[in-house]
Every structure is written in C-alpha cells, then in structure tokens.
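Visitor: Would you be able to build a 3D model of this:
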Amino acid sequence: MNVRLIPMTGSKRLVSLAVVALLVSSCQSGDFLKTDGSASAQPAHSANSVGLYNQTLGSGPTKVGFLGVRRADASARQADHEYRDGAALAVNAIGSNIVQLTMLEAMENPKEIEAATKSLADKGARMIITSARDGELELVRSAIGDRPVTVLAFTSNQARKPDGVYAFLSSPTDSLLESATFAMAEGSGHAVIVASTDAGKAHGEALSKNLKGFGAKVEPVIDVSSGSLSSKAQASWKRADMVIVMPDVKNPGAFLKRADSTTPPRPGRRIVASTALTGADLSDPKLTGAIVCRYDQNVSDRIGQRYLASYGMPASQHAGYGFDAMAMAIGLANNYGDEAFVPERIMQPQGFSGAMGVFRLEEGGTVRRNCDIFKVAKGSYVFFQRAPTML
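Guide: Got it, this is the predicted structure:
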C-alpha cells in the first residue's frame, strides 16, 4: 500500500486552521490484504516464548528501532507486547519496502536498556520507538550520544523525560484540553480548574495556560483537597461558566454538590471531566451532562480486523498507539528517507492521522491528539460528537 499526503477537511472546533495531515492510504482494516508471504502480518512474539524478543521486519532503506522493556508487572508487560504488535502490523501492512524495523527487548535494568539502545543506534536506526519510561529515558538518550536519532516514547506529557524525547501517549489530563475547547465552542468562555494534589495543580496550571491561548478567561486553580471551597475561591466559582475537574479529584459529584450549596453556580455552567471518572461518579446526578473526551473509540474500526486476524485478540489502545507511531515513521520515511525525523518534519503543524485519531508532536516533546466527545448520562458515557479531522 502507498503512503501519501492528502488534504484534511475542516472542523467546527475553535481551532480552524486549514491543514494537511499525513495519512496512511487505505487505512481501514478491511484494506489490509496480504500481498505475498513477506508482507503478511506475522505476530511479533509467541505466547509461549520466554526469551527476550529480537526480530527484524521489512527491508526498506530507512532503519527504525523498537526498544521494549520486560517488566515484572504483568499489565505493563502486556502493554509492551501490544505496542510492539501494533508497530509490527504497520510495517507488515504498509511499510515493508519503506523501513526496516529492528525490535529488541531489554530486561528492566539500566545496563540492559543502555546496551539495547546502543545496539539499535549502532545498526543505523534514525528513530527509536520505546516503552522505556521516566529515568530509563535518560539512559536511552545517553546511549544514543550525538547520533541523529529521534526518540518516541510510550509515555505521557505529564511524565518525566529528557530533552530530545517525544511523548506519544495521551492521558486523561490531556483530554481535558479537548473537552474544554468543545465547551468553549458550545458557549462557555470563563473557566475554573479544580485539583486536589500538587501534581494535579501543576497540570491544571499547564492546562490554564493552554486555554488562555485559545482565548478563554481562566481563574486561578482551586485546591479542593479539603473537599470544599475556601472563601477566596467562592468568587471564582461564581464567575465561571465552566468547571474543569482534574483527574486527581476524588468523588467530584460530592464536591460539586457541597460547593454549589454554599456558592450557587453561574446559570448554564458546564462541567468538563475526564475518563478518570468511576462508575459511582458516572451515576452521580451532579455529573449528568459533563463533557468527556475519549481517545480509544476508533481503534477497532481502523485496524481491528487485521489485528485480530494476525494476533487472535482485539486491538487495544496500546496496539493503536504502536501502529500510529510506526505508521507515522513509515509515512515520513517514504517522503524524506533518512532525513525524515528531524524536528521540523516530525513536528509539522498539520500533524498526522492514525488509528488513535489526529495527532501532532509539539515543542518540548509533547503530543496533542483529538478525541471523540461524550457526555455523562444514566451512569455511562454517551457519544455526542465525533472527533474533528484536524487539530
């Protein structure tokens, strides 16, 4: 299959830039047809395998590395397998003649992570996609040295990472920006953000800065760790027509009930929340109508059929992230070869389209990704509007 540039259509969101997204042509799962034995998707691991994986896929001229980390935690280990299988699916389905992907797994210790990184860099990888995290990413950058290798990590914008590493996962905190801009499109323009931990407040401050960039008025972040509003915060509460609940706030419905009972809210106020809501939260009347943005709604439609045929399990969001990371690399390599992963190309303003939605890598190693809008009703998330085709 070919990789091409196509124009993207407009959106009703506040951001109305005319953009072009790099899209994997014929990216619907039904189009992933086998062409020959070398291009058919094969599992990147065996269910019975106990050894570390070391595999190369594709024969293209541009070299890409995948560095997995085998962790003691079973859920993290499964996520790593699914990231890798998603990446392998992208190579086998659309990029076997464009890239050569070498996949190495290291045990969860510094020496092995450093050695595996150096091996990939020595083999000529121009991009390394990795499940390394936190301090491990310092080891990865150190092992690369001065070589021109871009690092894409399955970590979030909020996680610690060194310069030169791009985050690729979108978190519940990230989704709040998309939900809030949707609330602005519906008529809200004056926000107050509530958080209950130091980390939540720091992330809230970053969100505040972004919202101000979109033209919103934003009150100072309110600390609600006590479960109620301080007298100083009550004035902000009265002014706001949008309350943004950070993921660290527990029992947000109970807090909203107490806050509203002491300080009546502005008429027509909207609530913006995240997928951190629990089942009890979803059933709380105070959260009915809350706006929530979800990233994982289209993976099955876009790669599910081929993934299921290749690996015998449904495509998860981890597989979607792995596929998108590799598909982006394939698209860039197809157009620019070994010069594909320089900052001006990997951070192109128009972004990229993938199984997890439209996304863009930005300054500071962050990622922004669009998502479908849901509203809370009757104890669940109810679909409201599909994600736009642009950021």
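Visitor: Show me the helices in the stretch 201-350 of the chain, by range?
Guide: For the stretch 201-350 of the chain, applying DSSP state H, counting those that start in this stretch gives helices covering 231-239, 252-262, 279-283, 299, 305-311, 317-336, 343-346.
Visitor: what would those look like in TSV with mean pLDDT, mean neighbour count and distance to residue 153?
Guide: In short, each C-beta sits where N, CA and C put it, glycine included. Compiled in TSV, these are given as follows (pLDDT from 0 to 100; neighbours: other CB atoms under 10 Å; distance: least, CB to CB, whole Å):
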stretch	mean pLDDT	mean neighbour count	distance to residue 153
helix 231-239	95	15	36
helix 252-262	96	17	30
helix 279-283	97	15	30
helix 299	92	26	20
helix 305-311	95	20	22
helix 317-336	97	26	9
helix 343-346	95	13	13
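Visitor: Just send these back as a markdown table, with distance to residue 377 too.
Guide: Putting these into a markdown table (distance: least, CB to CB, whole Å) gives the following:
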| stretch | distance to residue 377 |
| --- | --- |
| helix 231-239 | 24 |
| helix 252-262 | 14 |
| helix 279-283 | 9 |
| helix 299 | 24 |
| helix 305-311 | 31 |
| helix 317-336 | 23 |
| helix 343-346 | 39 |
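Visitor: Please enumerate the strands of the stretch 151-300 of the chain.
Guide: 165-169, 190-195, 217-218, 222-223, 242-245, 270-272, 291-294 (DSSP state E, counting those that start in this stretch).
Visitor: Checking my notes, residue 106 in a strand, right?
Guide: Yes: checked against DSSP: H, G, I helix; E, B strand; the rest coil, residue 106 lies within a strand.
Visitor: Next, count neighbours for it.
Guide: 24 (other CB atoms under 10 Å).
Visitor: show me the contacts for it.
Guide: Contact analysis of residue 106 by CB atoms under 8 Å, 6 or more residues apart in numbering lists 52, 67, 68, 69, 70, 112, 113, 115, 116.
Visitor: again with residue 379
Guide: 279, 282, 283.
Visitor: follow-up on the earlier one: what about the helices of the stretch 201-350 of the chain, which gets the closest to residue 120?
Guide: helix 317-336 (13.4 Å; CB to CB).
Visitor: between that closest one and strand 165-169, what angle do the directions make?
Guide: 130 degrees (axes from the mean of the first three to the mean of the last three CA atoms, to 10 degrees).
Visitor: Break the protein down into its domains, please.
Guide: Structural domains annotated on the chain: 3-170+296-369, 172-294, as defined by automatic domain parsing.
Visitor: And the last one, how far out from the chain middle?
Guide: The chain centroid and the centroid of domain 172-294 are separated by 21 Å, computed with CA atoms, centre = their mean, to the nearest Å.
Visitor: how far does it stretch from start to finish?
Guide: 8 Å (CA to CA, to the nearest Å).
Visitor: so where is the stretch 151-300 of the chain shaky, pLDDT-wise?
Guide: The stretch 151-300 of the chain contains no residues with pLDDT under 70.
Visitor: Quickly list what the residue nearest to residue 239 when sequence neighbours are not counted is bridged to.
Guide: Nearest non-adjacent residue to residue 239, counting by CB to CB, 6 or more residues apart in numbering: residue 190, 5.9 Å away. In this entry, residue 190 is beta-bridged to residue 217, by DSSP bridges.
Visitor: which residues touch residue 190?
Guide: 216, 217, 218, 219, 239, 240, 241, 242, 266.
Visitor: do the same with residue 123
Guide: Contacts of residue 123 by CB under 8 Å, 6+ apart are 63, 65, 102.
Visitor: In TSV: the domains of the chain, plus distance to residue 390.
Guide: Converted to TSV, the domains of the chain look like this (distance: least, CB to CB, whole Å):
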stretch	distance to residue 390
domain 3-170+296-369	5
domain 172-294	12
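Visitor: Of all those domains, which one is nearest residue 384?
Guide: The closest of those to residue 384 is domain 172-294. By CB to CB, the value is 7.9 Å.
Visitor: Surely residue 347 touches residue 364?
Guide: No: the pair residue 347 and residue 364 fails to qualify as a contact (CB atoms under 8 Å) at a distance of 10.2 Å.
Visitor: So the two - more neighbours on which side?
Guide: The neighbour comparison of residue 347 against residue 364 (other CB under 10 Å) goes to residue 347, with 15 against 10.
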